[in-house]
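Visitor: Provide a 3D model corresponding to the input given below.
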Amino acid sequence: MPEQTPRYLSLLFDIPLKQSFAYLDGKDCGGEVGKRAVVDFGRRQLTGFIVSASGEPPAGIDAGKIKTVRRIVDKEPIFGDEDIALAEWMASYYFCSTGEALAAMLPSGRRASITPSFVADDIDAMAVSALELSAGQRAALDALITGAEDGVPFYLYGITGSGKTEVFLRAAEFMLDAGKSVIYLVPEIALSRQTSEAIGKRFGESAATLHSKMTSSQRFAEWLRIRRGEARIVVGPRSAVFAPVKRLGLIIIDEEHDGSYKSGSTPRYHGRQVAMRRCAVSGAALVMGSATPSAEAWKLMADGKIRRLELSERLSGGSLPEIKAVSLAHSTGCLSWELKQEIRATANMGRQTILFLNRRGFAYFYHCDNCGFELTCKRCSVSLTWHKNKGRAVCHYCGYEVVPPRACPSCGSLEAGFTGVGTEMIEEEARRAFPELRIRRVDADTAAKKDGLAESLALFRAGAIDLLLGTQMVAKGLNFPGVRLVGVVLADTGLHLPDFRAAERTFSLLVQVAGRAGRYFPDGKVLVQTLRPRDPVIVRACALDVEGFFEAELAQRLELGFPPYSRIIRFTLRSRDAGKASAAAHRLFELCSRLLPKDAGILGPAECPIALIAGNYRMQLLLRGIDMANLHAAAGGALNAYERGKDSAVYLEVDVDPVSML
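Guide: Numbering: from 1, shown residues only. So this is what the prediction gives:
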């Protein structure tokens, strides 16, 4: 029997090294492109991605020193040439390794398990069968279908409750009937579940869902179904943009404005940019939608680079709610007298209330009235939040916990304690004020319990909860027919953060949460409690004046030179040694200064707004310019030079087009 010809495999790993590594395929291992292999890497065992195979060893490498793979993980390939090309593009654009990009794209499971894709709950959120379209919906759908091959993205802009989802689903039906596949992106797992249930019932076995709350084996099973072509419409949050569908025809990005489409870890990709890339390469159509577009999308619509489609009326018998700002200047508790009256009136009607605050915990600021002492995290430069149910003060950045002092640690005064408002405090005050009501809290703490979020939303939709209070999990996209009243407990929470997008986020969140009221009845009401009732952002949000907000906001962005009138690349350097972080930031500044084009500039080096997280001191530089190609090239050159002499005690994060500046 002739000796088997050796096969040399080229592997990439989820590590920040921008090179491939050669291994010898073991006897009967069956290594091929698109599979994963477990190998010896230094003193460790790592799982790598096979990206090429050859009968010849790589040039310049002694074949006798090439290690043999230990085993092949997959029975069939889980990625192909298109996936590798996309990973290479991501690596180039987001300054990461191709292996890191592939790791972000692929499911982490090693074996498939038989699990249902969709939960067969009874839902009211979206119609399972197609509804009759309004004139506006029909016009938008016709425009999408006729212009699907033009290469120009669409934006479905419409008030909350105007039927954007049904237009998306009809467009998806059109693509499926044409033999093509669809990716439907949503920002939150709660919305992913709601949307996937409706799509599962409408499209059956041709639908699949991908999200982080699934087990690794569940995600892997769905991934293989999609790759085999068994599932042709895929629903999920950000990472679902990588779904390996056959003949991609359409990508839908619902709630396009949402910041969760941007990854917070390497590679720091934006789902919208990846979707645009995939559509451009495959010739697929892209449609985005929101009641509150991002500033970037708004300007692209104004410039004609995105085609705007508009829905201007609420369906299902609802109308826009009455929205009113309520000053907290003379209020003694979390809930104003006026808000309490409306909650009581709503309950008497047999209807439901949502109370919204974008901050969990009981209270979030320990302050001494005598000496001004503040209780902050020992490892982060942020205040600790009091969690009454735990009996501890907690850092929401690193998880540090401590039992708070009974007296001020600085001066011993008893005039010290926690102030501010958190969801636990609202829950306690609401239960005192309304003992007869069925109240449920939904935030990161309660959602951490298995099926906690899904259970709460299902009970609320079924009318088994009178008052639902929570963070932004209850603010966006969810559709509850019984809701009459929405109360925003404190609208100012994120308004004056040191981030140029603070006003945009606050405005968007207020408009979105207001959209939960009166979707099926004409008597919806929203009360926006605020310490700044005359702030232009609050005033325009209460008026649902999207046009007026963006006119003022974009004028300010233009004057200050911030996106969408510029592009930004952010470098964050962190180290446990403050001096080393500062020295590295100044060295990188010098390198960038030599390479930046004349139309670009540098902000910094300076401490990050949150200068200390988990014991690491943080410095930042912002490269800002008009032309991204020139800015990107300068950043790449500076990074290459920086890597040659970097301090191993300093970690560098690179964020292209950052959405958060904290």
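
Visitor: most centrally placed residue in the chain?
Guide: S260 (1.0 Å; Cα atoms, centre = their mean).

Visitor: distance of that residue from R441?
Guide: Distance of S260 to R441, given as Cβ to Cβ, to the nearest Å: 21 Å. (Glycine included, C-beta is placed from N, CA and C.)

Visitor: please apply the same query to V483.
Guide: V483 sits 16 Å away from R441, going by Cβ to Cβ.

Visitor: these two: which is more packed in?
Guide: Neighbours per residue, other Cβ atoms under 10 Å: of V483 and R441, the larger number sits with V483, 26 against 23.

Visitor: I'd say that one and R516 touch.
Guide: Yes: using Cβ atoms under 8 Å, V483 is in contact with R516, at 5.5 Å.

Visitor: which residues do those two both contact?
Guide: Common neighbours of V483 and R516 are listed as I354 (criterion: Cβ atoms under 8 Å, 6 or more residues apart in numbering).

Visitor: end-to-end on stretch 647-659?
Guide: End-to-end span of stretch 647-659 (Cα to Cα, to the nearest Å): 27 Å.

Visitor: pLDDT of that stretch, averaged?
Guide: For stretch 647-659, mean pLDDT is 94.

Visitor: buried stuff in the helix or strand containing E424?
Guide: Assessed by DSSP states H and E, E424 sits inside helix 423-433. Along helix 423-433, these residues count as buried under the neighbour rule (16 or more other Cβ atoms under 10 Å): 423-430.

Visitor: of all those, which comes closest to D657?
Guide: Lowest distance from D657 to those (Cβ to Cβ) belongs to T423, with 31.4 Å.

Visitor: next one, pLDDT for that closest one please.
Guide: For T423, pLDDT reads 75.

Visitor: walk me through the domains of the chain.
Guide: Structural domains assigned to the chain are 8-105, 135-311, 322-363+420-556, 567-656, following automatic domain parsing.

Visitor: which stretches in the stretch 301-450 of the chain count as strands?
Guide: Assigned strands in the stretch 301-450 of the chain, in chain order: 307-311, 322-327, 352-356, 365-368, 385-387, 392-394, 401-402, 416-419, 439-442 (criterion: DSSP state E, counting those that start in this stretch).

Visitor: same question for the stretch 151-300 of the chain.
Guide: Under DSSP E, counting those that start in this stretch, the stretch 151-300 of the chain gives strands at 154-158, 181-185, 207-209, 233-236, 248-254, 285-290.

Visitor: mean neighbour count, these: which tops it?
Guide: Comparing these by mean neighbour count (mean count of other Cβ atoms under 10 Å), strand 233-236 ranks first with a mean of 29.

Visitor: point out the other helices and strands that that strand packs with.
Guide: For strand 233-236, the helices and strands in contact under the criterion 3 or more Cβ pairs under 8 Å, 6 or more residues apart in numbering; DSSP states H and E are strand 181-185, helix 189-203, strand 207-209.

Visitor: how far away from the center of its chain is the top helix by length along the chain?
Guide: Ordering each helix of the chain by length in residues (DSSP state H) puts helix 578-595 first. Offset of helix 578-595 from its chain centre (Cα atoms, centre = their mean, to the nearest Å): 30 Å.

Visitor: contacting residues around that helix?
Guide: Contacts of helix 578-595 (Cβ under 8 Å, 6+ apart): 571, 573-575, 602, 604-605, 616-621, 623, 633-635, 637-638, 641-642, 645-647, 649-650, 652.

Visitor: on that earlier part again, format the helices and strands packed on strand 233-236 as CSV; extra columns: mean pLDDT and distance to L375.
Guide: Listed next are the helices and strands packed on strand 233-236 as CSV, based on pLDDT from 0 to 100; distance: least, Cβ to Cβ, whole Å:
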stretch, mean pLDDT, distance to L375
strand 181-185, 96, 40
helix 189-203, 74, 33
strand 207-209, 90, 42
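
Visitor: mind checking which of those is nearest A629?
Guide: Proximity to A629, assessed across the helices and strands packed on strand 233-236 by Cβ to Cβ, is greatest for strand 181-185 (26.7 Å).

Visitor: tell me the helices and strands packed up against that closest one.
Guide: With contacts taken as 3+ Cβ pairs under 8 Å, 6+ apart, strand 181-185 sits against helix 164-177, strand 233-236, strand 248-254, helix 271-282.

Visitor: please save the CA atoms from that strand in CSV.
Guide: What follows is strand 181-185, C-alpha atoms only, in CSV (Å, rounded to 0.1, in the frame of the first residue of the first chain):
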residue,chain,number,x,y,z
SER,A,181,-31.9,34.0,2.3
VAL,A,182,-32.5,36.7,4.9
ILE,A,183,-30.7,37.8,8.0
TYR,A,184,-32.9,39.8,10.5
LEU,A,185,-30.9,41.7,13.2
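
Visitor: what angle sits between that strand and strand 248-254?
Guide: Interaxial angle, strand 181-185 versus strand 248-254 (axes from the mean of the first three to the mean of the last three Cα atoms, to 10 degrees): 10 degrees.

Visitor: how about low-confidence regions in the stretch 51-200 of the chain?
Guide: For the stretch 51-200 of the chain, the stretches with pLDDT under 70 are 109-131, 189-193.

Visitor: helices along that one, start to end?
Guide: For the stretch 51-200 of the chain, the helices defined by DSSP state H, counting those that start in this stretch cover 81-94, 98-105, 135-146, 164-177, 189-203.
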